[in-house]
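Student: following is a predicted model, sequence given first.
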Amino acid sequence: MLNKKIYRYTNVELLDQIKNGSSKALVNQAQAEFDKRDLSESDLNKVEEEYVKFKAYQEKRRDEPLTKEEWFNFFFWSFLQPNSRWIKDSFSESEYERFQTHGFDKKTKQATEAKIFGFIFWFIIATVLIFFVLPKLGL
């Protein structure tokens, strides 16, 4: 929840921040905001249930592997993205940063492997072109 004001957090996000926050100041802010919302007992129970579902979903996402589309994006497009001074929005880099930020360790590891295999693939393609195709064309 980067760059998000505390009053914009959902009740579940506030509860997560209260239970798992690393900064004591942010935990205190979250607790104050949660108390300010003056939830009834039934609302508190509902928030607790939603929080349990949220954590289960979060844990499930943490253990999911890359999809085929994600894997191919890291494999093929990591080296074909423009690296310009003006363009800083490379898809594979932003996805990789998102995986790291949200703690998707399995996806981070698989993305790194896909990039390495992609580098090897493009290196072999370039080598074949340079040593076998271009001499046959007389270049």
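Tutor: Cool, got the structure.
Student: from here on, contacts and neighbour counts on C-alpha atoms
Tutor: Will do.
Student: okay, Lys24: pLDDT?
Tutor: On the pLDDT scale, Lys24 is placed at 92.
Student: with Thr101 instead?
Tutor: 82.
Student: contacts only, for it.
Tutor: Residues near Thr101 by C-alpha atoms under 8 Å, 6 or more residues apart in numbering: none.
Student: distance of it from Arg62?
Tutor: Distance of Thr101 to Arg62, given as C-alpha to C-alpha, to the nearest Å: 11 Å.
Student: over to Ala114?
Tutor: From Ala114 to Arg62 the distance is 18 Å (C-alpha to C-alpha).
Student: then Glu93?
Tutor: Using C-alpha to C-alpha, Glu93 is found at 19 Å from Arg62.
Student: cool, and Glu33?
Tutor: Separation of Glu33 from Arg62 (C-alpha to C-alpha): 28 Å.
Student: quick check: which element contains Glu70?
Tutor: For Glu70, the element it lies in under DSSP states H and E is helix 68-76.
Student: and that helix, which residues are buried?
Tutor: Glu70, Trp71, Phe72, Asn73, Phe74, Phe75, Phe76 (16 or more other C-alpha atoms under 10 Å).
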